[in-house]
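Colleague: Kindly generate the corresponding structure for this input.
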Amino acid sequence: MSNVVISKKDTKTAKDLIEQIRSLSFKLMDEGGNPKYDLKVWKMFLAFVDFWESSEAELLETEVFLYSDTLKVAGTCDLVCKINGELWVIDLKTSNHLQTTYDLQTAIYARCFEECYDQKVDRVGVLWLKSRSRGADKTGKKLKCSKSPNLFMKKELI
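Modeller: Model prediction:
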């Protein structure tokens with residue numbers, strides 16, 4: 001049996017990690033030691049974390065109230081960020097299936113954002129937190145980002 005050498009640095013890092021996990025566990029569990037959130041919520045949260053880490057997005061805004069005097073509409077966009085230097089407007093979805101109306105919704109959010117902030121939106125996307133597949137959809141009009149398999153994006157803005 002070989003001896004395993006653990007450096008003081010590794011020990012400190014491991015202790016810090018264990019402390020962070022313990023602290024987080026207490027925040028996410030109730031007094032009886034039960035998770036505060038349903039397993040479905042955890043899975044969707046982990047899908048979001050996977051997207052966030054793989055896309056290397058830069059957060060600009062969350063829960064942005066948008067309106068358009070031109071279109072006579074208003075709504076709340078879930079996420080505005082930069083990915084690879086491009087300005088994205090992203091809507092989070094937790095439904096079992098993607099609806100065609102989501103394309104229209106994100107396109108309207110993009111127009112509203114441009115009107116409110118006078119900034120050009122480069123891309124819109126739907127981050128489907130229940131997605132289990134990867135690749136292009138059956139129509140070929142929507143793509144999943146290769147780095148972020150749950151993010152559907154339009155090839156061009158409407």
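Colleague: hey, let's count contacts and neighbours off CA atoms from now on
Modeller: Will do.
Colleague: pLDDT averaged over the longest helix along the chain - what is it?
Modeller: Among the segments of the chain that qualify as a helix by DSSP state H, the longest is helix 8-28. Averaged across helix 8-28, the pLDDT comes to 77.
Colleague: mind listing the strands for the chain?
Modeller: For the chain, the strands defined by DSSP state E occupy 58-68, 73-83, 86-93, 123-128, 142-144, 151-154.
Colleague: Could you identify which of these has the lowest mean pLDDT?
Modeller: Ranked on mean pLDDT, the bottom entry among these is strand 142-144, at a mean of 47.
Colleague: quick one on the thing from earlier: would you format the strands of the chain as TSV with mean neighbour count and distance to E115 included?
Modeller: Formatted as TSV, those follow (neighbours: other CA atoms under 10 Å; distance: least, CA to CA, whole Å):
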stretch	mean neighbour count	distance to E115
strand 58-68	15	6
strand 73-83	17	11
strand 86-93	21	13
strand 123-128	24	15
strand 142-144	19	25
strand 151-154	23	20
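Colleague: For those, give me a markdown table that also has distance to M29.
Modeller: Shown next, in a markdown table, are the strands of the chain (distance: least, CA to CA, whole Å):
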| stretch | distance to M29 |
| --- | --- |
| strand 58-68 | 26 |
| strand 73-83 | 26 |
| strand 86-93 | 25 |
| strand 123-128 | 26 |
| strand 142-144 | 34 |
| strand 151-154 | 29 |
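Colleague: Mind checking which residue lies nearest the centre of the protein?
Modeller: For the chain, the residue nearest the mean C-alpha position is F48 (4.3 Å; CA atoms, centre = their mean).
Colleague: Nearest residue to that residue in space, please, no chain neighbours.
Modeller: Distances taken as CA to CA, 6 or more residues apart in numbering place L129 nearest to F48, at 6.6 Å, with adjacent residues excluded.
Colleague: Around the one you found, how many other residues sit close by?
Modeller: L129: 22 surrounding residues under other CA atoms under 10 Å.
Colleague: How much space separates it from A57?
Modeller: For L129, the distance to A57 (CA to CA, to the nearest Å) stands at 16 Å.
Colleague: circling back: so which of the strands of the chain comes closest to K36?
Modeller: Of all the strands of the chain, strand 86-93 sits nearest to K36, with 21.2 Å by CA to CA.
Colleague: Give the pairing partners of the closest one; include direction for each.
Modeller: strand 73-83 (antiparallel), strand 123-128 (parallel) (DSSP bridges).
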